[in-house]
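Novice: For reference, the sequence and a predicted model appear below.
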Amino acid sequence: MDALTRESAGLETTVDRSTAPAPDRGGTALFLRRWLAHPLQMGSVVPSSPALCRRLVRAAWPQEGETVLELGAGTGVIGRALLDAGLPPERLIAVEIVPAMAAHLRRSLAGVRVIEADARDLPALLAAEGSPPLGALICGIPLVLLPKAAQARFIDTMRALAPALMRRRGFLHYSYCATSPLPMRAHRLAGRREFWTPLNFPPASVWRYRDVA
């Protein structure tokens, strides 16, 4: 069993498996309106299901004192699942570029630092305010819909934010593709599918990608 597998196995015992985010009908309506207005910018018609959120929480659970950074936080269902599992709100950073969704996150995730910005601007933004120690990166941006050059810019952002983390644990990316949503060799990544859940619409996979550059 390699170090990453042992670390992931340890996370399984840390988090309350019964945790599930509360229904958020307002957030679902907001998500649907955004999808109708910009379908190619959204990975799904509806937010992630409780089943997917629970699995992501286990996979992303950080060590003591570390912060979770979520790119493309949407309506906050994954953030809510992390908080419900016991993550202190000050140890979660939610990044969302859409103003209406960022405003919803501020209302629904009390105490969480919400950054309304393009994720690619984060290295400069966080460096100016003192970067926290990052223990997990979650990417909810539908990278599979982007051209390869745009994918590379997001991946390079995560490398700039947490180079050691990208080599050790990498980032988590959820997708509705049957195979890897990212061309790993092109982006100098090693990846594996952490899990697949049919209890999502559509059924979803979570991939972990690590830097091999």
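Specialist: Done, it's in.
Novice: I figured residue 61 hits residue 86, correct?
Specialist: No - counting by Cβ atoms under 8 Å, residue 61 does not reach residue 86; the two are 9.2 Å apart. All C-beta atoms are positioned from the backbone trio N, CA, C, and that covers glycine.
Novice: tell me the centre residue of the chain?
Specialist: Residue closest to the average C-alpha location in the chain (Cα atoms, centre = their mean): residue 138, at 2.4 Å.
Novice: Which strand or helix spans it?
Specialist: Under the criterion of DSSP states H and E, residue 138 resides in strand 134-139.
Novice: Sheet-wise, list the partners of that strand with their directions.
Specialist: strand 67-71 (parallel), strand 171-175 (parallel) (DSSP bridges).
Novice: Same list (those strands) but as TSV, adding mean neighbour count.
Specialist: Output for the strands paired with strand 134-139, formatted as TSV (neighbours: other Cβ atoms under 10 Å):
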stretch	mean neighbour count
strand 67-71	25
strand 171-175	25
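Novice: Just give the nearest non-adjacent residue to the residue nearest to the centre of the chain, would you?
Specialist: residue 70 (4.5 Å; Cβ to Cβ, 6 or more residues apart in numbering).
Novice: again, but for residue 134
Specialist: Nearest to residue 134 is residue 162, by Cβ to Cβ, 6+ apart, at 4.4 Å.
Novice: and residue 208, what element?
Specialist: Counting by DSSP H and E, residue 208 is found in strand 204-211.
Novice: Show me the shaky parts of this protein.
Specialist: 1-48, 201, 213 (pLDDT under 70).
Novice: picking that back up, run through the bridge partners of the residue nearest to residue 138.
Specialist: With DSSP bridges as the rule, residue 70 is bridged to residue 94, residue 138.
Novice: residues contacting it?
Specialist: Residues in contact with residue 70 (Cβ atoms under 8 Å, 6 or more residues apart in numbering) are 78-79, 92-95, 138, 140.
Novice: now with 10 Å?
Specialist: Residue 70 sits next to 56, 60, 76, 78-79, 82, 92-96, 105, 112, 119, 136-140, 172 when contact means Cβ atoms under 10 Å, 6 or more residues apart in numbering.
Novice: What segments of this protein are helices?
Specialist: 3-12, 25-37, 50-60, 77-84, 99-108, 122-129, 148-161, 163-168 (DSSP state H).
Novice: Of the ones you listed, flag the one that's most buried.
Specialist: helix 77-84 (a mean of 25; mean count of other Cβ atoms under 10 Å).
Novice: That concludes my questions; thank you for your assistance.
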